[in-house]
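*Asks:* Okay, here's the prediction I keep looking at, along with the sequence it came from:
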Amino acid sequence: TYTLTISGIGEMKDYGYDDSSRPWYNQRKSITKIEFDNQVTSVGAWAFHGCTNAIEISLSDSIEKIGASAFQGLSKLTGEFHIGPKVKVLGQDAFYATSISKYTIDESNTSYVVKDDILYSADGKTIISCPQGKSGEFQLSWLDGVETIADSAFRNCKKLVGPVVIPDSVTSIGALAFQACQGLTGDLVIPDSVVGDIEEWTFGNCGFDGSLQIGSGVCSIGNNAFQNCKFTKLDLGNVTTIGDAAFSGCSAVEALTIPDGVKSIGKEAFKNCSSMTGELVVPDSVTGEIGEGTFYGCKFTSIKIGNGITAIGQEAFYNNKASESTSLVLGNNITTIKQSAFSGASIGGNLVIPDSVTEIQKWAFYNCQNLTGDLTLSKNLISLGEQAFFNCKFTGPIIIPDGITSIPMSTFYEANTVCFVVPGSVTEFGNYSLD
């Protein structure tokens, strides 16, 4: 075992994640204590990441700044951590994945205060950091008078349990603020006082298992903001943007209403929300493409896509298997239905491809066996991908439009149609294309 002493005058160098240029890199797993001489004024970013056997940190009173992720991953650090008299900057995730259970602070420090073991700004209006080893019920008093919950403030506080009530005093909640707080449960209400964005991963991987209500001040939900939470109901308020994977893995949510003002929905936004059923309406306000995997693995019984959508992305509705046949209405401005967009879905009955569509990519409706009625193709279709309608069971005649020159392999394999009407423009047929 080793004691690592940081000496010199002034600020310590910042490092990157798993940075092998650190002089102690090769000995990092043998270090058990880290101490600082009294002329060192900062702790470098990522400086001690990987020192996984360190059990003691001794900061000198000269330290003014602790860099981002400086002690990240030192899981054997337990008990209290003392903030010295001159510390005025604590970087994000400085103590991420440690087991520190309380902060203490020098009484002469003018930048921060500690209440109930938690670090706040000096005026008490910003929660800076809750130690990740802190346990017990989440206390409403911790948020009294708080206006800002900083980035990563409660991140990875897995030992905190119970519901969280965010008071009306709060106007901003930072990225990763409650990420991986798996013991937090019940309903979550974002009050109207919170304005702007719910940042990326803010509540990702939390245990909330009631309803989510987003206040009127929130306009954007960031990437992964609520990923893998256990909500049963969603009220999205007045949001206009839903980021990538925002609700991915929220497998207990039972239904989805997209507000009329929503303009964009990111890829995988509701992927594997496997309890989502009933009607899905994508309003006309949503423009552009429904992204890759956006509704992958949901179970809607009715899908209506608005006229603002121009493309259905890859695997957007992949494996949408409801307990009954799903009705599908496509908007009138869609030009492209991409690869595997509806592959394996329970879409049933008749299918009408609007005349705006010029391209249907491979596997778009692969294995949609409940399609047992008529297929009406776009009159302006010029490209059909291989196996686009593989194992669909259409029974009516299928009329191939004049713009098609090639019908690739297995495009309509296993169709039960009574006949195909093929124009003279088609000069190439793949194997089993009309079988």
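*Replies:* Nice, I can see it.
*Asks:* Give the helix, strand or coil label for the residue nearest to the spatial centre of the chain.
*Replies:* Central residue of the chain (CA atoms, centre = their mean): Asn224, 1.4 Å from the mean position. The local conformation at Asn224, judged by DSSP: H, G, I helix; E, B strand; the rest coil, is coil.
*Asks:* How about the contacts made by it?
*Replies:* Residues counted as contacts of Asn224 (CB atoms under 8 Å, 6 or more residues apart in numbering) are 200-201, 204, 243-246, 248. Using the backbone N, CA and C atoms, a C-beta is placed for each residue, glycine as well.
*Asks:* can you check Phe203 too?
*Replies:* With contacts defined as CB under 8 Å, 6+ apart, Phe203 is in contact with 177-179, 181, 188, 225-226, 229.
*Asks:* redo that, cut-off 6 Å
*Replies:* Counting by CB atoms under 6 Å, 6 or more residues apart in numbering, Phe203 touches 178, 226.
*Asks:* now Asp284
*Replies:* When contacts are counted by CB under 6 Å, 6+ apart, Asp284 touches 306-308.
*Asks:* do the same with Ser220
*Replies:* Contact analysis of Ser220 by CB under 6 Å, 6+ apart lists 197, 241.
*Asks:* ditto for Pro85
*Replies:* With CB under 6 Å, 6+ apart, Pro85 has these contacts: 61, 106, 108-109.
*Asks:* most neighbours, which of the residues you listed?
*Replies:* Ranked by neighbour count (other CB atoms under 10 Å), the contacts of Pro85 have Asn109 at the top, with 16 neighbours.
*Asks:* Name the nearest residue to that one, ignoring sequence neighbours.
*Replies:* Pro85 (5.2 Å; CB to CB, 6 or more residues apart in numbering).
*Asks:* what helix or strand is the one you found on?
*Replies:* Under the criterion DSSP states H and E, no helix or strand holds Pro85.
*Asks:* circling back to that earlier point, pLDDT added to the contacts of Pro85, as JSON lines?
*Replies:* Shown next, in JSON lines, are those (pLDDT from 0 to 100):
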{"residue": "Asp61", "pLDDT": "97"}
{"residue": "Asp106", "pLDDT": "97"}
{"residue": "Ser108", "pLDDT": "98"}
{"residue": "Asn109", "pLDDT": "98"}
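*Asks:* Relative to Gly424, which of the residues you listed is nearest.
*Replies:* Taking CB to CB as the measure, Gly424 lies nearest Asn109 of the contacts of Pro85, at 84.4 Å.
*Asks:* so when I look at the closest one, I'm seeing a helix, right?
*Replies:* No - counting by three-state DSSP, Asn109 is located in no helix; its state is coil.
*Asks:* Against Gln132, how distant is it?
*Replies:* Counting by CB to CB, to the nearest Å, the separation of Asn109 from Gln132 is 21 Å.
*Asks:* What is the burial count for Phe412?
*Replies:* 23.
*Asks:* do the same with the one 10 residues further on
*Replies:* Counted with other CB under 10 Å, the neighbours of Val422 add up to 15.
*Asks:* How about Val195?
*Replies:* Applying other CB under 10 Å, we find 12 residues neighbouring Val195.
*Asks:* Can you verify my assumption that it contacts Gly215?
*Replies:* No - counting by CB atoms under 6 Å, Val195 stays clear of Gly215, with 8.7 Å between them.
*Asks:* Find residues that contact each of the two.
*Replies:* Residues touching both Val195 and Gly215 (CB under 6 Å, 6+ apart): there are none.
*Asks:* Neighbours of the nearest residue to Thr98 once chain neighbours are set aside, how many?
*Replies:* Spatial nearest neighbour of Thr98, chain neighbours left out: Leu77 (4.3 Å); criterion: CB to CB, 6+ apart. Residues contacting Leu77 under the criterion other CB under 10 Å number 24.
*Asks:* ok, Leu77 to Ser275 distance?
*Replies:* Distance from Leu77 to Ser275, by CB to CB: 40 Å.
*Asks:* Same question for Asn156.
*Replies:* Computed as CB to CB, the Asn156 to Ser275 distance reads 27 Å.
*Asks:* which of those two has more neighbours?
*Replies:* Asn156 (21 against 13).
*Asks:* in stretch 208-221, what counts as buried?
*Replies:* 208, 210, 212-215, 218-221 (16 or more other CB atoms under 10 Å).
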